[in-house]
Structure formats: structure tokens, C-alpha cells
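Q: got a predicted structure here, sequence first:
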Amino acid sequence: MKSLTSRQNWTYCFTLILIFPSLGQLLKYTGIGGFLIYALVIYVLVSHFSRHAFHLFYERITQKEAIILFIFILILMAINFHLIHPLADTGIIGGGNDRGNALNKAAEQILSLQYPYAVRTYLGNPISPLPGAILLAVPFVILGNSGYQNLFWIILFVLVLYSLSKDFRTGLYLLGSLFLLSPIVSQEFLTGGDLIANNLYIFIAVTFYSLLILKGVQKTKWLFPASIFLGIALCSRFQYILLLPLLFSFSIQNTGWKNAFKYTFIAGIVTIILGFSFYLASPAEFTPLHTYEKLSRFETHFPHVGLLVPFLTLLVTFQLCLTSMKKRLDLLFRNCAIILAIPSLAGLLFALILRQHANILTFSDYGLNYLIFGSVYLWYSFHHRWLNQPVPYFS
């Protein structure tokens, strides 16, 4: 990867990361013209105004004011969700989003001591998330709606960014940039979808675990619960399991074989036990396996693509495991973004070639999988150079 010290390189990368996840939604509601206008606007904003706005934000807003502003924004977000989500859920706005409904129904099944994958969403779709996502959604379903977890994980996300930069304004500014410049983020939040929460708690779990690894043996008492949380989080969707080899390599490079094997083994065994316990309970009803068909549906035109894309992702994963990540949390984030981008970008490419609008919408939405890791990597890789404020464990 070329150095991101060049402002132009950073601009291209950040623009692409922001626009691709929203491609399907923009094509659906505005057409190709609307998407091109959006892409041009984002490029201009990122290339010509982001640095000035960032400095202005830092000069005008104190740490205390940023915290107050964040609380105010959270209140507005909660009100908007409460007002708009019921309309979206009934299809009045946007035709409905049943990802949140899938978690609601599955969690309700668990609370009733029933098999979570025996139900369908209100759109008739099977339950796609793995058991980890359902278990993490249970507390919020008890409160009334799995969509509430988006607010919870957004709060923790900003706090994690604060732990990295020791500046509350940085996390708030990045969060605002994602909501304002990437429409899919706002759309997913307001419709109660789980992709925001899913990717935020994956990012938080990876960061929490990795920071403990970097801080050394004095923090090992926290590594056991961190590994358990990581294992539960990884068992939310199949593609996240590929992050485990990368974390194993990161752990070897920063703490040695013994601790690396011990704690990634704990995370891995939690993921395996959790996934297989639900699968073995009723293999015929374990509906997350249908997600494989998302790529195999292209096999009429692209033979064996359902095998080739996962194989390519696996090859890239092992190649990235061989790269140096010694005391470099930013490179871990970059590698996570690359791994998570391959399946969604491959599916999006095939859908665009075949002009399959439904699949364009599906695979572009899953761009949220790499948006969080990619944006955080780019943010800290370049903006802190502008401010001349080095971040521990970053370049």
C-alpha cells in the first residue's frame, strides 16, 4: 500500500471508503446521476474542506464542550430513532429493513427458550446473524428493540477512540463525519438495522483485546474476559471469523507464542462452541448458512465464484498475517478493513457487471463491514499528522 502521508492518496482512499457502502441506497433513490453528484461532493469536501473544518473544530470546541455536544447529539439520535423507526419498520419510509427485526425475533425466541432460527422476519427472510449477534442483542430486546444497541455501541466507540487519542473531540468528529458523509450509516441507524452495532462491537472487541496485548503482561488479567468477548463478537457473522488468524499473528508479534496461542485459542473456542451448539441443535433450521448463497447466486455467469472469493479472502488473510504489525495498531486496523472488504466488494463488482440492482443494494450495504476499521485507520494515519499529535501504537 502506498504511503498515506500524501494528502492526495489519503483523499482518494477516504472518499472511496465513504461512498461505496452507500452506492446501493443512492442508486435506489437517486439513480446514477445522484450517486455521481454525491461522490463528487464527498471528494470536494474531503480534499478541500476537511483539514480546515478539523482545525476549526479543535479551536472552537473544548473537551468539556465536546462531551456536552455528544450527549446532546445522542439525545437527538434517540428521539429520531423513536420517531422514524416505526415508519421504516412498516415500509412507509424506505421500504423497510428487516435486519433489526431478525434480531428482535431471534432474541425473543431465546428468551422464550425456543430455537432462534425457527422464525422468519416480517419480510419473510431467514435469520442471518450467527448466535453471538443474537446474544449481544438480547439485553436491548428486553428493553424493547434491538435497534437501541446502536446507541450503546456508538457511545463505547467514541470512548474507545478517546482511549487511543486522549482527545474526546477526535472521536466525536469522526463519528459526525461518518453520519454526515456516508448516508448508509444514518439509514441503517434510523431503520434499526444491526450492521452499525455489529461492526462497532467487532471494532471495540478487536481494539480492546489488541490494546491489552500491546500493554504487556501486567494487563493479562483482563485478557481472559477480553478474549471471551472477542469470541462472542466474532461469532456474529461468518466473515469476522477470518480476523482471528490476523489477531493471532498480531499477538505473536507483540507478546510471543505462548500468550498468542492461549488467548486467541480462548476466543476461537468460544466462537466454535457458540456456533456449533446452535447448529447441532437443529442443522436443518440453522439459517445463517444461507448467506453462502449471496455469492453462489452469481455462479451462472461466474463459475465457482462461491468458492473462489472465500478462497481469495483466505489467501489475502494469510498474506496479511505475514506483514509486520509490531506495536502498530493502525496496521492491524488496515488489515482488518482489507479482509472485510474483499467479499462485499467482490459481490458488488459482480452485481454491477450483471446490473442486478437488488444485489448491488445488498453488497454495498455490507460495505459497513470495512467502513469502521478503514475510516479509523485513515483518520489516525493522516489527521493526527496534520495536528502533529502522535497516537500511541500508531505510525
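A: In hand now; what should we look at? Residues are numbered from 1 along each chain as shown.

Q: which SS state does the most centrally placed residue in the chain fall under?
A: Nearest to the geometric centre of the chain sits Asn199, at 2.5 Å (C-alpha atoms, centre = their mean). Following DSSP: H, G, I helix; E, B strand; the rest coil, Asn199 is assigned to helix.

Q: can you pull the pLDDT of it?
A: We have a pLDDT of 95 for Asn199.

Q: neighbours of the closest residue to Val376 other than its chain neighbours, just the number please.
A: If the residues on either side of it in the chain are set aside, Val376 comes closest to Phe333, at 5.6 Å by C-beta to C-beta, 6 or more residues apart in numbering. (C-beta placed from N, C-alpha, C; glycine too.) Using other C-beta atoms under 10 Å, Phe333 is surrounded by 26 other residues.

Q: again with Thr207
A: Each residue near Thr207 was counted by other C-beta under 10 Å, and the total is 22.

Q: what helix or strand does it sit in?
A: Thr207 belongs to helix 195-215 when assigned by DSSP states H and E.

Q: C-terminal to that helix, what's the next element?
A: Where DSSP H and E defines the elements, the next helix or strand beyond helix 195-215 is helix 220-234.

Q: can you list the residues that contact that following helix?
A: 132, 135-136, 201-202, 204-206, 208-209, 212-213, 240-241, 243-244, 247, 259, 263-264, 266-271, 274 (C-beta atoms under 8 Å, 6 or more residues apart in numbering).

Q: buried ones only from those, please, as a PyMOL command.
A: Selection of the buried residues among the contacts of helix 220-234 in PyMOL, burial being defined by 16 or more other C-beta atoms under 10 Å:
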select buried, resi 132+135+136+201+202+204+205+206+208+209+212+213+240+241+243+244+247+259+263+264+266+267+268+270+271+274
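
Q: and the residue lying closest to Phe57 once chain neighbours are set aside, how far from Ile155?
A: Spatially, and ignoring its direct neighbours in sequence, Phe57 is nearest to Tyr173 (5.5 Å; C-beta to C-beta, 6+ apart). According to C-beta to C-beta, to the nearest Å, Tyr173 stands 16 Å off from Ile155.

Q: show me where pLDDT drops low in the stretch 201-350 of the chain?
A: Counting by pLDDT under 70, the stretch 201-350 of the chain shows low-confidence ranges at 217-219.

Q: for it, which segments are assigned as helices?
A: For the stretch 201-350 of the chain, helices defined by DSSP state H, counting those that start in this stretch occupy the ranges 220-234, 243-255, 257-281, 293-296, 305-321, 329-354.
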